[in-house]
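Colleague: sequence first, then the predicted structure, then my questions.
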There are 2 protein chains.
Amino acid sequence: MNVLDKVMKPKSIAVIGASTKEKTIGSEIMQRLRDYKFAGNIYPVNPKGGMIEGFQAYTSIEEVPGEVDLAVIVVNSKFVLDTIDQCNRKGIKGLCIITAGFKETGAEGAEMEKQLLAKVREYGMRCVGPNCLGVLNTNPDVMMDATFAESLPIAGDIGFVSQSGALGGGILNILKDLNLGFAQFVSIGNQADVNAETMMEYWENDEDVKQILLYMESIQNPANFRKLATRITKKKPIIALKSGRSAAGASAASSHTGSLAGADKAAAALLKQSGVIREFSLKNLFATAKAFSNCPIPQGNRVAIITNSGGPGIMATDAICENGMQMAPITDETKAKLRSFLPAAASVKNPIDMIASAPIEHYTQTLETVIADENVDMIMVIYLPFLGLKDIDVAKALMEIKAKNPTKPIVGVFMTTNDFFNNISNMNVNMPFFMYAEEAAEVFLRLDEQRQWMSKPVGKAPCYDVDKNKVAQIIRKSIDEGREQLTTLESIDVLQAYGIRACKYGLATNVNEVVELGNSIGYPVVMKMTSKTTSHKTDVGGVRVNIQSEEQLRAEYADLIAKLTEKGLIDGLEGVIIQEMVKGNREMVCGIATDPQYGPMMMFGLGGVFVEALKDVTFRIAPLTDIDADEMIKSVKAYKLLQGARGTTPAQMDQIQETLLRLSQLVTDFKFIDELDINPLLISEKTGEGIAVDGRIKVRMKEAQEALKDACACGCNCCG
Amino acid sequence: MNVLDKVMKPKSIAVIGASTKEKTIGSEIMQRLRDYKFAGNIYPVNPKGGMIEGFQAYTSIEEVPGEVDLAVIVVNSKFVLDTIDQCNRKGIKGLCIITAGFKETGAEGAEMEKQLLAKVREYGMRCVGPNCLGVLNTNPDVMMDATFAESLPIAGDIGFVSQSGALGGGILNILKDLNLGFAQFVSIGNQADVNAETMMEYWENDEDVKQILLYMESIQNPANFRKLATRITKKKPIIALKSGRSAAGASAASSHTGSLAGADKAAAALLKQSGVIREFSLKNLFATAKAFSNCPIPQGNRVAIITNSGGPGIMATDAICENGMQMAPITDETKAKLRSFLPAAASVKNPIDMIASAPIEHYTQTLETVIADENVDMIMVIYLPFLGLKDIDVAKALMEIKAKNPTKPIVGVFMTTNDFFNNISNMNVNMPFFMYAEEAAEVFLRLDEQRQWMSKPVGKAPCYDVDKNKVAQIIRKSIDEGREQLTTLESIDVLQAYGIRACKYGLATNVNEVVELGNSIGYPVVMKMTSKTTSHKTDVGGVRVNIQSEEQLRAEYADLIAKLTEKGLIDGLEGVIIQEMVKGNREMVCGIATDPQYGPMMMFGLGGVFVEALKDVTFRIAPLTDIDADEMIKSVKAYKLLQGARGTTPAQMDQIQETLLRLSQLVTDFKFIDELDINPLLISEKTGEGIAVDGRIKVRMKEAQEALKDACACGCNCCG
């Protein structure tokens, strides 16, 4: 059995620190447990004993007569560690520590929390908190409200994890008004033991929990989160509100990829790759939950709108189209049927305008007719007040039809008074109602996103045959020389060792070598300086393109040497790279940045001088799957350029995808690669290939030294 | 006096078509007039006479004993024209025609509406409708509810124009719940006479109307709307919800500008240029109105957040930053003062977290302290339920502080139950309350937009000294030859005649001329074909760049002739343009498209091959003011490229602005120019100038013929 059941489905609860003093947490929790009618035994523990909220109190946990599954701890923080020992002696495996004063208060508290976790692990317990609001389970067999929130919960199908206690309390208040209920709720507080990932896994196969909602300020273990979420979202939706977006300070990284990355980009990428629906406000989080509670997953994205007013029908159409869905092409059969009972002034095209005077029968008949149309996947029914019609009657009539036709999402948009929404918040509704069409359109989009995700195959990260050894040697040589930044030459060698198409090149250190290389590669060529001290080569005139002949090559080389000497940069010069000149005017960029928390993150998008100004780039956390790579390529605006606009050669999408996957493999194999830029990844006008024309790689010195201590620069793999 | 006063501020109203039959419009309007206690005389008119809703009815309008200011007409459409004649005989100048069955029903109705308008004009009347919900004025001296909406209005400071009758009714229902009231409301229906512009002008200096809200599906006279709105928005905010955005079909235009334009882009540009705040949902329209009703215009965009819970504080910070505002840098003085009374666990940095247990005094003291901070322009106060505190008490305490400190916008975010919002909807509030921080952040942004607009100087459209005559001749020649599309050569000549910097060029029709031109312009040069039949030159290899010498020029010319001959395109060839080669890798685009309703619209943005894929372009309706042109340049992402990234030459912004203004003058002078593209407008790496390297102009043939019938191709200006 799962130890977490002791916390979430206890048969008996002890409240250690229960109190008779009003408005204290020790009193409020006792009241909630009692008022919500917990199905098992309740044992208050207080040194004074006596009766608390009608229950016999015990002076210590060890005196409690029966078995105890869950101890809710509200004692002062300095007693918490001892209390855990006592719980262990009593054989308790479930803890919910409400008490604050741990990690959130500074170093001392953090140390205490470390000890707390050590005890929890040692004793084989599971622990929610410390510094939390508590836990809820509304299953009739459990009926546990072990929180000190203002309102009692209402039952529903949501599993909710909140990283903010106060927010959790606020949410309980709001949800009731929204016809939304919890199956289970966990305020994870400092998440010493139980965190969002624990709960996601716990709820994966829990029948009570049909959707998982997360309020997160951080993701504790991104890789584990991704693994779990990717699997669970194929079964039930996970909807996350991740805050702290703007707090992410600009990264101090020097690369393109680094400067465009940042923690929120990483979180966004991770959630997207994992099939998690991301919301940006509580309002939208709840609206989406309302939709998943009352709607099946649709079969497609074609929406029909039924309205009794033209203006709102137009606004709804705008919202549907702007959210990227389609207006359903109503069949002629449906139109004929609608014509048979709607008045002549009605419009039977989508949006279907029954006109203002539509009686209830027109609503029900129209809805039934539209549900039957196979061209329709989702339906929005708009009601505006009209003389003599009662909003609540219309809603009831719609819900009857919905009950008989559960297979398509139906949403009501009722532009009427608050009274209506108050009324339905006390009813058992089977479809969501909103005040505005835009809200309905947004939830349709969410339903459709879940449909798309569920129908998508599970991505795979391929493993290519690569020369790992060679990369180790190149990097080892660089770090042995004290360079965390590889030279351009080394960077391109690394890319080639991983099978990434880079252009033909060679390094020359004097004019004779320069000419020899130029002649062997064939003109036109490009000449680029490679230097240990200068990283942005173009800024110092270190790149010369379209060199047409040996004569021109000699002249350009002489000029470069003169310029660098003049600027005092000649000492860092390692030589010049003579490179095949790839023709094409589409420059892409791909690269890697490392987020301190999320690890290596891949970027792809429009490159060249446009990278930073236009920011037409997208991110995914490594390792990439084939699905991730495919989506990256298709999600940038420059995809249209890749497809071949105005007579340009279409890019080889498969080859570009493979480039991304090979890069992902590189950074997964060498985790100490901190930054990597391929800019540009030039699209060859001749072949459509993406060719790395320039590369920059930077490693984290210490980690690299540690990881490569057994590799050597000479390539023998034995002299480390 | 303004005749419209007879409609909006009548001293007596006749309801022609008043009825005793329940649930008819003729009965409902009588009830509303009575129930809302109209301040003047009410005269029902019905052929049967008798008493209607307690008022003496008259069998015809001409029998009414007293003077009548406003006739509300609800008779069948076939009687409406006669009724207007009767009203005229009775001396009535104000009409509100509720009756439907006019333009909206087809050609016959449209004809009737035309006659209706003719009568209204002939008799010197003003008329609201037909096919509308009616009019409202809540001023205590008027107290007119001449609508058939379900709810009676509440008084407020909003002047509202609705183009949808049913929507107007829905809005009346909703507003009461939102603490929002109307000063005046007009359902304009088919807007035969009175339209949104009429009402805007009417309300410009009306003290009762502090903000103007518009629900529009179309803008009747864009130029007049712009003129009025630009002026009125400097005095009071105009907030518009313009629907029908997606309905705009893709334009069939062949130019870049045309393909990216479209009616909604035009509406968006017009509203922006006119200082109108545009909203995209009713929800946001009302939220913004709530803010303008209760908040002064701020002095800046620095926001302070006061909260009793960390999580919502973080979410609010995200929302403030994502809406482009600043988190106010609280002064040390303020921090010290907050420290003096808040507990140690509180955070006195912005967002100021008073912690969950904050009592009411902490709310009021913190708010007062923060209001006094000169670094703070706007304040968001967040409340989450906490044991023992009542939300409504907190709200009342905040409102007391607000009453004493009216100079800064203060908004409450109360994450509590619907009950709270129901309670305050029955109170006289002096600050807006929302459930979620994101809603508050959005209204702060609107307040700040209004601040920025009001502090901006009024733009001017300069008039440059240009060669209008030359342009007329060029276009006359083209249309005389039956070409609506000018050749590249002609297009560049037109641009130069208007002082737009285009690169040096000449036309050559044989190899000798080609060489002569190349030698006189100086190498490198570009060679471009010019043809009456082929418009996209690059697609057929008609553009050759970087020609370095006479020898190369001869070879390229020979090759082009051979290629065109092979493809059968040689007949259309007019010659080749030999052009100075401008060096630079920043390609912008500017151009003109014509919207059938809004007229010529200017585009500016990133050009070259990127135009259509990246759509980094912006639009404004011509004629442009200097402010418009400046904003266009600054609003595209490529502005960063213009500023000079990575060592490139900064572009001459003034010169680019002048280019836009000269183009605007061109299209204002020659209204039949249908499309114009300058792509690329190349930014010279040497000087930073924007240089037109290619141009395409298309005219509307018939209009051009009509306008230029007195111009001639020979330039003598006398042989037309």
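Modeller: Done, it's in. None of these values were measured; they are calculated from a predicted model. Numbering: from 1, shown residues only, chains lettered A, B, ... in the order given.
Colleague: and stretch A:676-694, which residues are buried?
Modeller: A:676-684, A:688-694 (16 or more other Cβ atoms under 10 Å in any protein chain shown). Every C-beta, even on glycine, is put in place using the N, C-alpha and C of the backbone.
Colleague: residue A:709 and residue A:484: what is the separation?
Modeller: 16 Å (Cβ to Cβ, to the nearest Å).
Colleague: tell me which of those two has more neighbours.
Modeller: residue A:484 (17 against 10; other Cβ atoms under 10 Å in any protein chain shown).
Colleague: excluding its backbone neighbours, what's nearest the more buried one?
Modeller: Nearest non-adjacent residue to residue A:484, counting by Cβ to Cβ, 6 or more residues apart in numbering or on different chains: residue A:701, 4.8 Å away.
Colleague: the one you found - how many residues pack around it?
Modeller: Residue A:701, neighbours per other Cβ under 10 Å, totals 15.
Colleague: need the contact list for residue A:513.
Modeller: A:506, A:507, A:575 (Cβ atoms under 8 Å, 6 or more residues apart in numbering or on different chains).
Colleague: brain fart, residue A:8
Modeller: Applying Cβ under 8 Å, 6+ apart, the residues near residue A:8 are A:135, A:137, A:142, A:184, A:186, A:202.
Colleague: hang on, the last one packs against residue A:2?
Modeller: Right, the one you point to is residue A:202. Yes. Between residue A:202 and residue A:2 there is a contact at 7.0 Å, judged by Cβ atoms under 8 Å.
Colleague: what about the two, which has more around it?
Modeller: Between residue A:202 and residue A:2, counted using other Cβ under 10 Å, the more crowded position is residue A:202 (21 against 11).
Colleague: could you check the pLDDT of the more buried one?
Modeller: The model reports residue A:202 with a pLDDT of 98.
Colleague: doesn't it belong to a strand?
Modeller: No. Under DSSP: H, G, I helix; E, B strand; the rest coil, residue A:202 sits outside any strand and is assigned helix.
Colleague: so what's it up against?
Modeller: A:2, A:4, A:8.
Colleague: how close does the second one sit to residue A:50?
Modeller: This means residue A:4. Taken as Cβ to Cβ, the span from residue A:4 to residue A:50 is 33 Å.
Colleague: what about these two, which has more around it?
Modeller: More crowded of residue A:4 and residue A:50, by other Cβ under 10 Å: residue A:4, with 20 against 10.
Colleague: excluding chain neighbours, what is closest to that one?
Modeller: residue A:126 (4.8 Å).
Colleague: what's the local residue count around that neighbour?
Modeller: 22.
Colleague: how close does it get to chain B?
Modeller: 24 Å (Cβ to the nearest Cβ, to the nearest Å).
Colleague: next one: residue A:28
Modeller: From residue A:28 across to chain B, the span is 6 Å (Cβ to the nearest Cβ).
Colleague: hmm, that residue is touching residue B:387, no?
Modeller: Yes. Between residue A:28 and residue B:387 there is a contact at 6.5 Å, judged by Cβ under 8 Å.
Colleague: what sits in contact with each of those two?
Modeller: Common neighbours of residue A:28 and residue B:387 (Cβ under 8 Å, 6+ apart) are residue A:148.
Colleague: which one of the two has more residues nearby?
Modeller: Taking neighbours as other Cβ under 10 Å, residue A:28 and residue B:387 compare with residue A:28 leading, 21 against 16.
Colleague: ok, now which ones touch the more buried one?
Modeller: By Cβ under 8 Å, 6+ apart, residue A:28 lies in contact with A:148, B:387.
Colleague: how does it look with 10 Å?
Modeller: Counting by Cβ atoms under 10 Å, 6 or more residues apart in numbering or on different chains, residue A:28 makes contact with A:19, A:22, A:53, A:74, A:98, A:134, A:147, A:148, A:149, A:150, B:387.
Colleague: do the same with residue A:523
Modeller: A:546, A:547, A:548, A:549, A:550, A:552, A:553, A:580, A:581.
Colleague: repeat for residue A:426
Modeller: Residue A:426 makes contacts with A:176, A:177, A:179, as judged by Cβ under 10 Å, 6+ apart.
Colleague: quick check: closest non-adjacent residue to the second one.
Modeller: When the adjacent residues along the chain are set aside, residue A:177 lies closest to residue B:418, with 4.2 Å between them (Cβ to Cβ, 6+ apart).
Colleague: and the residue of chain A positioned farthest from its centre, backbone torsions?
Modeller: In chain A, the residue that sits farthest from the middle, by Cα atoms, centre = their mean, is residue A:551; the gap is 55.6 Å. Taking degrees, to the nearest 10, you get phi -60, psi -50 for the backbone angles of residue A:551.
Colleague: I'd like the distance between it and residue A:542.
Modeller: Remark: distance between residue A:551 and residue A:542 (Cβ to Cβ) = 21 Å.
Colleague: residue A:178 now?
Modeller: Distance, residue A:178 to residue A:542, by Cβ to Cβ: 61 Å.
Colleague: how close does the residue of the stretch 151-300 of chain A found nearest chain B sit to residue B:354?
Modeller: Nearest residue of the stretch 151-300 of chain A to chain B (Cβ to the nearest Cβ) works out as residue A:164 at 2.8 Å. Taking Cβ to Cβ as the measure, residue A:164 falls 15 Å from residue B:354.
Colleague: for the helix or strand hosting residue A:44, packing partners?
Modeller: Here residue A:44, judged by DSSP states H and E, is contained in strand A:41-45. Judged by 3 or more Cβ pairs under 10 Å, 6 or more residues apart in numbering or on different chains; DSSP states H and E, the packing partners of strand A:41-45 are strand A:12-16, helix A:25-35, strand A:51-52, strand A:55-56, strand A:70-73.
Colleague: quickly find the element holding the nearest residue to residue A:423 once chain neighbours are set aside.
Modeller: Counting by Cβ to Cβ, 6+ apart, residue A:423 lies nearest to residue A:392, which is 5.5 Å off, once chain neighbours are set aside. Element membership of residue A:392 [criterion: DSSP H and E] is helix A:391-404.
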